[in-house]
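J.: only the shape, not the letters, is given here:
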């Protein structure tokens, strides 16, 4: 699997894409990595797009997803980090023994049991005609990063039948907020902030918790996309005379992980039937 992603820099926005704040001397706008740097490096960059308060909020969301949910996978895959000297060569393994005892051991990163975590979500509630809700109907999906290889014999010794292993900390809402941030920034980069009515900023910066209404999944079965680390693209749809800006996101596509559908907003300039 090739993880190479071609860097793309889009046109500067000139105001915060989340709260609308203009650039000032006291609050410079910074660039946004559409997909977090720790997952994709400098793949897609949107200059002058985020103010300091919003950047602090989105940074916390991304750190949780990159460290707590996907930290071990990032280490194993050697995905980008801003602190390469601090990258660990070992990983903790939290075990729940067959007798109920909890135990933490440390193993070389290449031998650790590493899982890619994601969620199977139903389509966004908006597209299914259901009212906004906070509760997710999705389920956790965990796939081993390496099914055969150097670490298998070691893992079998550590994890006999009936023993459980903690593979990460999950948070559906936080993960959905990260997907929303990716979708919103991608839509701004490709069609412009003034070309659609955005639906996602309140969710992104934490003023809304009804994520399942706008963030969902593709119900169709997927196959692994060889040589594709991540896949992000527009998949706009028409419902009830409204042209919705829909962004499809598949992180770790080479593993056949779920594809998410995120309703970024309503396209302006279209006449409703």
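T.: It's in. Keep in mind the model is a prediction, meaning the values are calculated, not measured.

J.: all helices of the stretch 101-250 of the chain, in order?
T.: Secondary structure of the stretch 101-250 of the chain by DSSP state H, counting those that start in this stretch: the helices cover 125-128, 152-158, 172-191, 201-204.

J.: how about those helices, which one is nearest residue 30?
T.: Across the helices of the stretch 101-250 of the chain, residue 30 has its closest neighbour in helix 172-191 (12.4 Å, CB to CB). All C-beta spots, glycine's among them, are computed from the backbone N, C-alpha and C.

J.: got the buried residues for that closest one?
T.: By 16 or more other CB atoms under 10 Å, the buried positions in helix 172-191 come out as 172-191.

J.: just stretch 43-55 next, same as before
T.: Neighbour-count burial for stretch 43-55 [16+ other CB under 10 Å]: 43, 44, 45, 46, 47, 48, 49, 50, 51, 54, 55.

J.: list the contacts of the closest residue to residue 134 other than its chain neighbours.
T.: Among residues not flanking residue 134 along the chain, residue 209 sits closest, at 5.0 Å (CB to CB, 6 or more residues apart in numbering). Residues in contact with residue 209 (CB atoms under 8 Å, 6 or more residues apart in numbering) are 134, 173, 203.

J.: so which of these is the closest to residue 257?
T.: Set against residue 257, the nearest of the contacts of residue 209 by CB to CB is residue 173 (18.8 Å).

J.: does the closest one touch residue 211 like I think?
T.: Yes - applying CB atoms under 8 Å as the test, residue 173 and residue 211 come out as touching, 5.7 Å apart.

J.: so what sits against both of these two?
T.: Applying CB under 8 Å, 6+ apart, one finds that residue 173 and residue 211 are jointly contacted by 134, 136.

J.: would you list every one of the strands in this structure?
T.: With strands called from DSSP state E, the chain shows them at 8-9, 30-33, 44-50, 90-96, 102-108, 115-120, 139-144, 164-166, 196-198, 215-217, 230-234, 237-239, 242-251, 260-267.

J.: what inclination does the longest one have with respect to strand 115-120?
T.: Put simply, strand 242-251 runs at 160 degrees to strand 115-120, going by axes from the mean of the first three to the mean of the last three CA atoms, to 10 degrees.

J.: residues of strand 242-251 that come out buried?
T.: Using 16+ other CB under 10 Å as the burial criterion, the residues of strand 242-251 that qualify are 243, 244, 245, 246, 247, 248, 249, 250, 251.

J.: which one of the residues you listed sits closest to residue 67?
T.: residue 251 (15.2 Å).

J.: next, find the distance separating the nearest residue to that closest one once chain neighbours are set aside from residue 93.
T.: What sits nearest to residue 251 in space, not counting adjacent residues and going by CB to CB, 6+ apart, is residue 230, at 5.2 Å. To residue 93, residue 230 is 27 Å away according to CB to CB, to the nearest Å.

J.: what mean pLDDT does stretch 6-15 get?
T.: The average of the pLDDT scores along stretch 6-15 is 95.

J.: mind checking how far that stretch is from the chain centre?
T.: 20 Å (CA atoms, centre = their mean, to the nearest Å).

J.: sorry, back to before: out of the strands of the chain, which comes closest to residue 71?
T.: Minimum separation from residue 71 across the strands of the chain (CB to CB) falls at strand 90-96, 8.5 Å.
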